[in-house]
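**Q** pasting the sequence and the predicted coordinates here, then a few questions.
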Amino acid sequence: MTIEDRNLAAGTQLVARFKGTIYHAEVVAVEGGMRYRLTEAPFAEFKSLSAAGSQIMGGVACNGWRFWSIEGQEPEPKAAREAKTPASADFRRIPGGRAWCNACCAAFKVEAGTTPTVCPQGHPPQNATEKAETEAVTA
């Protein structure tokens with residue numbers, strides 16, 4: 001969660017999540033002001049939260065006030081993305097005992113006298129998807 005109040009007291013614990021790893025920092029008082037100390041390797045101190053965040057991100061610039069959260073106020077981790085279901089396709093027969101899938105733009109072999117139910121990439125024919133949806137509505 002973005003840090004709104006930028007007047008952080010010494011001892012404030014900060015947390016950030018980057019590429020699945022959680023990092024911690026602490027606000028420390030030093031002569032001349034405040035510093036932000038990483039509590040895991042490389043255990044460095046920085047003049048700004050942006051510099052501390054940039055260190056974690058391998059030198060990429062970042063807005064430290066958005067990168068870090070006050071411990072206990074951090075956002076929930078993002079849910080893992082679900083696998084996409086293959087898009088429906090239109091199949092058409094082409095010469096040589098083959099069919100063409102317009103979803104993946106690939107040709108594939110089809111046994112003579114059969115109708116393909118799915119292409120090798122997993123795309124069902126569009127009319128099969130529509131038929132299944134119609135059957136589900138009427139059931």
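**A** Right, received. Where do you want to start?
**Q** which residue is the nearest non-sequential neighbour of Ile3?
**A** Nearest residue to Ile3, sequence neighbours excluded (C-beta to C-beta, 6 or more residues apart in numbering): Trp65, at 4.9 Å. Just so you know, the C-beta spots here come from the backbone N, C-alpha and C atoms, and that holds for glycine as well.
**Q** what's stretch 108-121 in contact with?
**A** Residues from elsewhere that reach stretch 108-121 (C-beta atoms under 8 Å, 6 or more residues apart in numbering): 86, 89, 91, 93, 97-99, 101, 103-104, 106, 124-125, 128.
**Q** swap that for stretch 6-15, please
**A** 22-29, 34, 36, 49, 65, 68-71, 74.
**Q** and this structure, what are its domains?
**A** As given by automatic domain parsing, the domain ranges for the chain are 13-70, 91-138.
**Q** which one of the ones you listed lies nearest to Asp5?
**A** The stretch from the domains of the chain with the least distance to Asp5 (C-beta to C-beta) is domain 13-70; that distance is 8.7 Å.
**Q** any idea how far the closest one is from the chain center?
**A** Here domain 13-70 is found 22 Å from its chain centre; the criterion is C-alpha atoms, centre = their mean, to the nearest Å.
**Q** thinking again about what came up before, which is the next helix or strand following the helix or strand harbouring the residue nearest to Ile3?
**A** Per DSSP states H and E, Trp65 falls inside helix 64-67. Using DSSP H and E, the helix or strand that directly follows helix 64-67 along the chain is strand 69-70.
**Q** mind listing what that next one pairs with, with the direction of each?
**A** The pairing partners recorded for strand 69-70 under DSSP bridges are strand 13-18 (antiparallel).
**Q** return the set of buried residues in the partner strand.
**A** By neighbour count on 16 or more other C-beta atoms under 10 Å, the buried set for strand 13-18 is 14-16.
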